[in-house]
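[1] This is a predicted model, with the sequence first.
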Amino acid sequence: MKIEDDIEKYRTLVINRPQITKFVSNSIVTAKYNFFTFLPIFLFNEFRKYNNIFFLTISVIQQLPGVSPMGKYTTLIPLIIILIVTALKELFEDISRHQDDKKINARPIEVWSNTKGWIELQWKHINVGEIVRVKNNSEFPADLIFICSSESTSNMAYVETVNLDGENNLKIRRVPLSLNVNEADLSDLQGTIICDQPNEVIYSFNGVIILKNHLKISINEEQILLRGAMLRNTEWVIGIVVYSGNDTKIWQNSQQKQMKRSKSMDIINWHMMVLFTVVFILMISNSILYIIWNYQFQKDLWYLPLAKDKNLNIFTFLTFIVGYSYIIPISIQIYLEIVRLFQAYFINIDEKMRDENSGAFAKAKTSNLNSDLGEVKYIFTDKTGTLTQNILELKKCSINGIMYEMSHLLMSKSKVNSACHHFFIAICVAPGIISVYDKLQKEWKYYSSSTDQLALIVAAKKYGYELRKRSYKTAEIYVRGTLMKYQILSDIDFTNERRRSSTVVCSPENKIYLYVIGADDTIFKRLSSKSLYQRETSDHINKFALSGLRTLCIAMVELSQGQFVKWNKIFTKAKLEVTSRQVIIGEVAETIEKNLSLLGAVACEDKLQDQVPETISILIEAGIKLWMLTGDKQETATNIAYSTKLLSVDSTIFILTSENIQELYSACIHISHQMRTARQPALIISGNSMSILLKSNYAEFFTTLSMNCESVICFRMIPIQKAQIVKYIQNRTNKVTLAIGDGANDVAMIQSASVGIGISGVEGLQAVYAADYSISVFKHLRRLLLVHGTWNYDRVCKIIFYIYYKNLPIGLIVFYFSFISGWSGSSIFDDWAFTLYNVAFTDGATLVIGIFEKYYPEKILNSDPTIYKRNNWFNVSTFYLCLFNGILHSILILFFTLNLCGKNVLWKDGYNDNYIIDGNLLYTNMLTVVIAKCMLHMMNKTKIVFLLTLSTAILWLPVLIIYNYFWNIFSLDSDLAGTTLMLFSTPVFWLNIILVPFSVLLIDFLVILLYRTFFFTKK
């Protein structure tokens, strides 16, 4: 079917003229907010937190007259401060994203005007259908259809797609056949383009150009220049904008910036529900007891306003809500925000995560996910540029059944036999190789669409086969000083389905040869039965694979003139097909790629980044499962998995590559049975197979199967498939997932994971822009997770539980006081004591836990990765233990305080205490216990920790003095007037400060002592 026959399914645009249809602008946005959406989105996210909803309700209730036992603003002011601090942090982070967007959108580009010629515009101002000119070493601003090049004779351009597929090799793009355009013709260039609707498939494009003279020209992926790719070794190219902005393939593979929430925030919401329940129970209990007490004593206590007003019980109930609201920690959000900012700062300045070459530091682009770094269970990693340097070197080869070390072969340069000659000629004439003469270094340099080919052509040059020029018509090769010209008759490019490339050449002797380079299994089944050295070469290939080397086979066949002419007619016709072009070409190629003679095999080493195998081994030891997601072919992915120790010789490998759902399900059933007895099970699966399974009714079964594997290798994955599997595993397991990559093709999975890591190497910055954290090299992931992750997790968990703990005594003692206050809701503490408890007196202790605590020293974390597995104590049992501890301490504080001073003579003149004196004593003892508990549990007891902790706590004593003498100046209540001097003058007060904390914390001290003596040191 012709593309124009089904035009509704395709995009239609006019060339070099205003568009009939309105298309999206070329401006891109990665920021979360804009001027109008910031406030509603921010408030929506903040009031998804249950504690914020609760305190907003409390703030409203406090405004009712005669309801609040404290002031009207003791809750509202802290809530406003929390929202302002959080908003400023969000603004600061989003402004950085806006600045990045602005830089990209403001890049200059030349656009053709029919009246003015070439004019310079910003990227964001170009539109679909316009003609643009891109110069060498520049990035394409949109998806373009290639129509003209500075290389007028070849009409080719070289592009680097590192930001799209992670490969920094050059690829060839060609002007469509039959399209002859130069700069002088641009004003007259008119017509229509019909092509695919915007989609995420990078490796596919179909369309047709219909010029005004009704000439129809087919276009495919060879003629499209994608946004994110770079023009290399070509002075300039001219293209027509076909997709802009969010319609470009790179952004179709990206997803909208998600509002990521730390896993700890979801758990905090659940904790808040439990605390709300506790407060509700206290309110109901207090209300019922108040009604009972009121009924019993209303006649005797006629002078109190007990039940004269029917609405009094309702207002009293609201009083209880306000009074017990202090059990809910309003300050938890602001403490967490401050602590997270410090944690992000520590990551940003860590010298041990500084790149030795570029000097770049790690960067925390968001601070919300710091604690999630300490509980990652799944890592999804890209391969090229993330695990590897993408620099290959030919290490070994097999020619005529003899295995050679390349170092020995290159040194010997023995007399070349026929097989060896054809072996290196096949390498030199292979499609996709680009040769450029470097005038400065006075030598030929090579680029290729395949890193394998690049390694081979460099090795061939060292052996004496130097490719000088390679066009689509000829190849000039200097063979040990002698020039040999080969005529290129046909090129059949590598595809995922074919897994091989072929070239038909005419030699200087006028002989026609077909050379084929490809995967061993595709080559071997096309060999002639008379082909020699098959067994020997196969054995060599197995040895290469066991060494973790990437292997390819090389074969050839001589063709007769008539045989080639007959085949070439069919092949030429196939190249002009519009739809299913690659499939038809593949079928035609099958008719000639047969009866081959085996020349040999090559083995290349893909150099890994520094310490990648060691890092992966340590992460696995830390209890993290690793998945490698790559767009490379199966053999490449498998070999790299061996090199990085994701796979070993002991691994039992299961492979899924079918695209039939029933075949896939049957294979999964078979694998599940074999896996029961398999040693180190590992799964290798194609991107298409995975997508089919995830969209089927067998998705759950497949997920369970893959989770039982020690490692999973996914090959030939497009970016959207990477995002799908990351999101699916994350939702299925409810565990923290981490995705790490370095190119724009990794953006989707980085944004889908719980935590996204971008590598700021040589592969572009798209991944870094979209990531939550950036590092320079993969090995820094070890320190980021095992050191910073563990510290952050421990600090955040401790600060949360400590805040819960310290808020329980101040709320529960008020409840206990109701036993002797007629359940009236009256408070034994002063209003300002409530207000300053969280924002002044205990904030030092809280912050030192979140900023300075180091439960495990760095040396231990580096030497024992299994410690990372223990980052799982932020759970229900620890939460309830924290509540129990807080309740127990509140009872003990009350018990010991009242027994030390209650109803006893405290002064030498015979006076005893009253409820105000008792309140101040209770408050002082409670504050001392809370601060002492912080110091008791801290492992990192340094001078600054002591100083910061005590400096805020001792503020209580000056406040008492100021309150005592200057209450009238500040219009404060007079209840505390004169009490401070009385407190300080009795030895019972000073005895309380020593004895009560010691008695209350004695159990804690013994438990910690036993644990650290018999368990902690052993671990």
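    Great, that's in hand. Residues are numbered from 1 along each chain as shown.

[2] Flag every buried residue along the host helix or strand of residue 947.
    Under the criterion of DSSP states H and E, residue 947 resides in helix 943-953. Neighbour counts over helix 943-953 (16 or more other C-beta atoms under 10 Å) mark 945, 948-949, 952-953 as buried. Quick note: C-beta positions are derived from backbone N, CA and C, even for glycine.

[3] ok, of those residues, which one's closest to residue 836?
    Nearest to residue 836, judged by C-beta to C-beta, of the buried residues of helix 943-953 is residue 952 at 9.8 Å.

[4] For that closest one, list the residues it contacts.
    Contact analysis of residue 952 by C-beta atoms under 8 Å, 6 or more residues apart in numbering lists 840-845.

[5] Ok, residue 139 next?
    Residues near residue 139 by C-beta under 8 Å, 6+ apart: 107, 163, 227-231.

[6] run the last query once more with 7 Å
    Neighbouring residues of residue 139 by C-beta atoms under 7 Å, 6 or more residues apart in numbering: 228, 230.

[7] try residue 943
    So residue 943 contacts nothing (C-beta under 7 Å, 6+ apart).

[8] Give me the neighbour count for residue 531.
    18 (other C-beta atoms under 10 Å).

[9] thinking again about what came up before, tell me the mean pLDDT over the helix holding residue 947?
    Taken as a whole, helix 943-953 has a mean pLDDT of 83.

[10] Kindly report the same for stretch 656-668.
    Stretch 656-668 shows an average pLDDT of 89 in the prediction.

[11] And it, how far out from the chain middle?
    30 Å (C-alpha atoms, centre = their mean, to the nearest Å).

[12] got any ranges where the stretch 1-150 of the chain has weak pLDDT?
    Applying pLDDT under 70 to the stretch 1-150 of the chain flags the ranges 1-8, 66-71.

[13] quick one: the helices in it?
    38-46, 50-62, 76-105 (DSSP state H, counting those that start in this stretch).

[14] got JSON lines for those, with mean neighbour count and distance to residue 148 too?
    Below are the helices of the stretch 1-150 of the chain laid out as JSON lines (neighbours: other C-beta atoms under 10 Å; distance: least, C-beta to C-beta, whole Å):
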{"stretch": "helix 38-46", "mean neighbour count": "14", "distance to residue 148": "45"}
{"stretch": "helix 50-62", "mean neighbour count": "18", "distance to residue 148": "59"}
{"stretch": "helix 76-105", "mean neighbour count": "16", "distance to residue 148": "26"}
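
[15] of all the ones you listed, which lies closest to residue 266?
    Among the helices of the stretch 1-150 of the chain, the nearest to residue 266 by C-beta to C-beta is helix 50-62 (10.7 Å).

[16] The closest one packs against which elements?
    helix 76-105, helix 263-297, helix 312-324 (3 or more C-beta pairs under 7 Å, 6 or more residues apart in numbering; DSSP states H and E).

[17] rerun that using 10 Å as the cut-off
    Where contact means 3 or more C-beta pairs under 10 Å, 6 or more residues apart in numbering; DSSP states H and E, helix 50-62 is packed against helix 38-46, helix 76-105, helix 263-297, helix 312-324, helix 332-348.

[18] how about those, which one is nearest residue 895?
    Proximity to residue 895, assessed across the helices and strands packed on helix 50-62 by C-beta to C-beta, is greatest for helix 263-297 (19.1 Å).

[19] buried ones in that closest one?
    Residues of helix 263-297 classed as buried by neighbour count (16+ other C-beta under 10 Å): 263-265, 267-268, 271-272, 275-276, 278-279, 282-283, 286-287, 290, 293-294.
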